[in-house]
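Colleague: show me the folded form of this:
(chains A and B)
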Amino acid sequence: MANTTTATTTAPAVTTKPTTFAAALNTAMSDAMEGDRSVCVFGEDVGTLGGVFRITDGLTQRFGADRCFDTPLAESGIAGMATGMAINGMRPVIEMQFDAFAYPALEQIFSHIAKTANRSRGRVRLPLVIRIPYGGGVGGVEHHCDSSEAYYAHTPGLKIYTPATVSDAYLMLREAIDSPDPVIFFEPKKLYWTKEAVDLSALRTQYEDAAQDESAPSAGVGAEGRAVVVREGTDVSLISYGPSVSTALKAAEAAAEDGISAEVLDLRSIVPFDDAALEATVTKTGRAVVIAEAQGFVSVAAEIVARIQERSFHSLSSPVKRVTGFDIPYPSPKLEEHHLPSVDRILDALDELQWED
Amino acid sequence: MTSETRDGTPIQGSHIKETSSSFGITPEQYMLPAAQQIRMLDPEGKLIPEAAQGTSPGHEYPIPEDDALLAAYEALVVGRRVNDQNYALVRQGRLAVYPSSHGQEACQVGAALALGTGDWMFPTYRDTVATITRGVDPLEVMVSFRGDWHCGYDPLQYKIAALSTPLTTQLLHAVGVAHAAKLRGEDTVVLAMCGDGATSEGDFHEALNFAAVFEVPVVFFVQNNGYAISVPLSAQTAAPSLAHKAIGYGMAGEQVDGNDMVAVLATLRRAVDLARKNSMPLLLEAITYRMQAHTNADDDSRYRESAEVEQWKQRDPLLRMRTFLTERGVLDAEAETRISGKAEDVAAALRLAMTTEPEMNPLEIFDHVYAAPTAQLREQRAKLADELERSQEG
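Modeller: Here you go, the predicted structure:
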């Protein structure tokens, strides 16, 4: 069943000051460390400095250098050591400094982190989280702007989360840390300093109450994945995740001025994938545009289109369109605006849909 | 303590610690291996006079007690017999593949016997003898080579990681296991195994560096059998020895005759002891030889002369140990009969178990990927279940 409510619906009315995406992530780690001594945080510059994006700011001071610490500069080492620590009872939360800097760790991630549970017939599980700042839109130089989610999503055994809102940043990271499975946690770096009026202590209560009550629905994405409709509409579904959700919402607003009612679906997790929510929105609107920053060829966007075609073909009034990055290496800062999905490009895609019966 | 170079100028940023000087004489020298590899038995199995064993101040290795030596011999005989049995099973088509341990049994037996029950071992695909010596049923090890499942034993039960097929990736897991134990105040030592070729991999470097920086008790144990499949050591490294690599990480290294059961057990025991007492990593390189091809799929005549293999036959670890223990009066005919009887029993049990095809449930391939299968995996499982049902009906 698709759950069409947002994760924050049950949170009390918000009266607090605006909270950044970065602060939500920081508080999620700090709360998890407070509640469970096996949670530890490490990576490059995450200790004294608090991370190049300051996401781990203050954790060493608060919990000590045994629980949040800097490592030598070696990503395979970080991922491999985390694997061993998870084998031996810890819940490591590791940071890859940038998307493209995670590539030296891919062998550890693909050959061991993703496969250890299966290899051992479920006897050895690796409850670890790999946080990866990803995506562009921040004027970053080469190797700092990749959307690398498809590489990981193609590897069975990994869960792939990517929050698009401040409240999801908190709830989904808490859930990732509590997950019995390894989670690749993609943080849209262009959202780090966005603010929303979110009461983190209310979210904490919401998350911890739901975690204690097994019958309650998860506050995060849950074992099945839980995509959320972040804007209701009737004419077309804009399917998106992570950094592209806000672009999709802006495009939906602009489309409304042209008389098009666009629904926006935030997938939140790529693995597990919420097929039910996808089917529900496409069945409702009959049209779909998939929006993602990553290059489109052999991408998550391609997978979504394939799933719509397989499961919802008879509900469609139009071929499904994609608005993605071009099939090029990520361009230099002055050219990235031409590469990233934009409101105009999404509106063009809406124009190209079939609108008449 | 402050470290100095030979001309007396302080070494910038040095973190050399007093406790780390256990393998050598002075802080500058402690990290270097002894001038020659540690060897206690000559190729015929005679005890070498202490002065010629390669030991020197800081590199002393007491000979293990007779009980431990006899237990090691028993494990050598059982290991050799299981290896022979596995080779036969490959020829009969009952095993898909088998990387032979023949010739390297002393290293593998030493690895298993040097550890306590609370310690961990991280073996490679060639370390079947180490794994069974630590107590895993040979059948459970052979599950992966028979093609039933990727790992047949419970790593947590035995504190032995799944045999690693990728090279040196497991060394970092060993560092992580040791690090977790250290953070909890446990005195677990982790033995991390790899071969000579694997020392060229990046994760070898990262693992040794992480272990040294985090001061965790990991003994890195390299079985240098001379070849990475076909490529000789000379094409892997220009280092004076693999043991010398330790110095680059601020760690002590030592080289041992890997076909000398007494020396292997003595050095490994001391390394495990030092690692535990000082919470520090060490690197031990054992010089040994793979007597058979890399696996049954390999043809070693393409890259090495049979004369070389013959030469190494003269240094067989099992025969050397038998001679030594017999002359020492530790091994008599009765013990020999008991041990070979046990080896035959183990081989017979393995042979018998291998004649029975295991009950495989194809649907299990979906069950362990995640703690709870995703909706997509449940769908795919149902599809395969339906296919299986129809094929049974048909």
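Colleague: any part of the least confident helix or strand in chain B by mean pLDDT near chain A?
Modeller: In chain B, no helix or strand scores lower on mean pLDDT, DSSP states H and E than helix B:138-146, which sits at a mean of 92. No. Helix B:138-146 stays clear of chain A (CB under 8 Å from any CB of the partner chain), getting no nearer than 9.0 Å. Any C-beta I mention is one placed from the backbone N, CA and C, and that applies to glycine too.
Colleague: who are the packing partners of that helix?
Modeller: helix B:66-91, helix B:128-133, helix B:333-355 (3 or more CB pairs under 8 Å, 6 or more residues apart in numbering or on different chains; DSSP states H and E).
Colleague: which one of those helices lies nearest to residue A:48?
Modeller: Nearest to residue A:48 among these is helix B:128-133 (40.8 Å), distances taken as CB to CB.
Colleague: could I get the average pLDDT for the closest one?
Modeller: Within the predicted structure, the mean pLDDT of helix B:128-133 is 97.
Colleague: other SSEs contacting it?
Modeller: For helix B:128-133, the packing partners by 3+ CB pairs under 8 Å, 6+ apart are helix B:66-91, helix B:105-113, helix B:138-146.
Colleague: quick one: the last one to helix B:333-355, angle?
Modeller: Computed with axes from the mean of the first three to the mean of the last three CA atoms, to 10 degrees, the direction of helix B:138-146 lies at 40 degrees from that of helix B:333-355.
Colleague: quick one: distance of helix B:138-146 to the chain centre.
Modeller: On the basis of CA atoms, centre = their mean, to the nearest Å, helix B:138-146 sits 17 Å off its chain's mean C-alpha point.
Colleague: contacts for it, please.
Modeller: Contact with helix B:138-146 is made by B:82, B:85-86, B:89, B:94-98, B:128, B:131-132, B:149-153, B:162-163, B:346, B:349-350, B:353-354, B:358, as judged by CB atoms under 8 Å, 6 or more residues apart in numbering or on different chains.
Colleague: contact residues of the stretch 251-394 of chain B facing chain A?
Modeller: So far as CB under 8 Å from any CB goes, the stretch 251-394 of chain B lies against chain A at B:364, B:367-372, B:374-376.
Colleague: out of the residues you listed, which comes closest to residue B:252?
Modeller: residue B:368 (40.3 Å).
Colleague: for the closest one, give its distance to residue A:275.
Modeller: 22 Å (CB to CB, to the nearest Å).
Colleague: need the per-residue pLDDT for residue A:218.
Modeller: The model's pLDDT for residue A:218 equals 73.
Colleague: separation between the nearest residue to residue B:105 once chain neighbours are set aside and residue B:134?
Modeller: Leaving aside its chain neighbours, residue B:105 sits nearest to residue B:79 (4.5 Å; criterion: CB to CB, 6 or more residues apart in numbering or on different chains). Residue B:79 sits 11 Å away from residue B:134, going by CB to CB.
Colleague: OK, contacts around the closest residue to chain B within the stretch 201-350 of chain A?
Modeller: Of all residues in the stretch 201-350 of chain A, residue A:272 sits closest to chain B, at 4.4 Å by CB to the nearest CB. Residues near residue A:272 by CB under 8 Å, 6+ apart: A:159, A:221-225, B:370, B:374-376.
Colleague: got the phi/psi numbers for it?
Modeller: phi -70, psi 150 (degrees, to the nearest 10).
Colleague: picking that back up, could you flag which of the contacts of residue A:272 are buried?
Modeller: Buried members of the contacts of residue A:272, counted by 16 or more other CB atoms under 10 Å in any protein chain shown: A:159, A:221-225, B:370, B:374, B:376.
Colleague: let's have those in TSV, adding pLDDT and secondary structure.
Modeller: Output for the buried ones among the contacts of residue A:272, formatted as TSV (pLDDT from 0 to 100; DSSP: H, G, I helix; E, B strand; the rest coil):
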residue	pLDDT	secondary structure
A:159	97	strand
A:221	76	coil
A:222	76	coil
A:223	71	coil
A:224	74	coil
A:225	82	coil
B:370	97	coil
B:374	95	coil
B:376	96	helix
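Colleague: and the helices in the stretch 51-200 of chain A?
Modeller: Assigned by DSSP state H, counting those that start in this stretch, the stretch 51-200 of chain A shows helices spanning A:59-63, A:75-87, A:106-107, A:116-119, A:149-153, A:166-178, A:200-212.
Colleague: does the last one come close to chain B?
Modeller: No. With CB under 8 Å from any CB as the threshold, helix A:200-212 lies outside contact range of chain B, at a closest distance of 15.0 Å.
Colleague: same check on the shortest one?
Modeller: Yes. Helix A:106-107 comes into contact with chain B when judged by CB under 8 Å from any CB, the residues involved being residue A:107.
Colleague: quick check: mean pLDDT of that helix?
Modeller: On average, helix A:106-107 scores 98.
Colleague: which stretches of the stretch 251-357 of chain A have low pLDDT?
Modeller: A:357 (pLDDT under 70).
Colleague: around chain B, pick out the residues from it.
Modeller: A:271-273, A:275-276.
Colleague: narrow those to those in strands?
Modeller: residue A:271 (DSSP state E).
Colleague: could you report the neighbour count for residue 156?
Modeller: I went with chain A, as the question did not name one. 15 (other CB atoms under 10 Å in any protein chain shown).
Colleague: think we crossed wires, I meant chain B
Modeller: 15.
Colleague: surely it is in a helix?
Modeller: Yes. Under DSSP: H, G, I helix; E, B strand; the rest coil, residue B:156 sits within a helix.
Colleague: just list the residues touching it, thanks.
Modeller: Per CB under 8 Å, 6+ apart, neighbours of residue B:156: A:123-124.
Colleague: quick one: the closest residue to chain A within the stretch 151-300 of chain B and residue A:113, what's the gap?
Modeller: In the stretch 151-300 of chain B, the residue that lies nearest chain A is residue B:176 (2.0 Å; CB to the nearest CB). Distance of residue B:176 to residue A:113, given as CB to CB: 11 Å.
Colleague: more neighbours: those two, which one.
Modeller: Counting neighbours by other CB under 10 Å for residue B:176 and for residue A:113 shows that residue B:176 has the greater number, 32 against 27.
Colleague: what helix or strand is the more buried one on?
Modeller: helix B:169-183 (DSSP states H and E).
Colleague: the residue in chain A positioned nearest to chain B: neighbouring residues, count only.
Modeller: Of all residues in chain A, residue A:84 sits closest to chain B, at 2.0 Å by CB to the nearest CB. Using other CB under 10 Å, residue A:84 is surrounded by 33 other residues.
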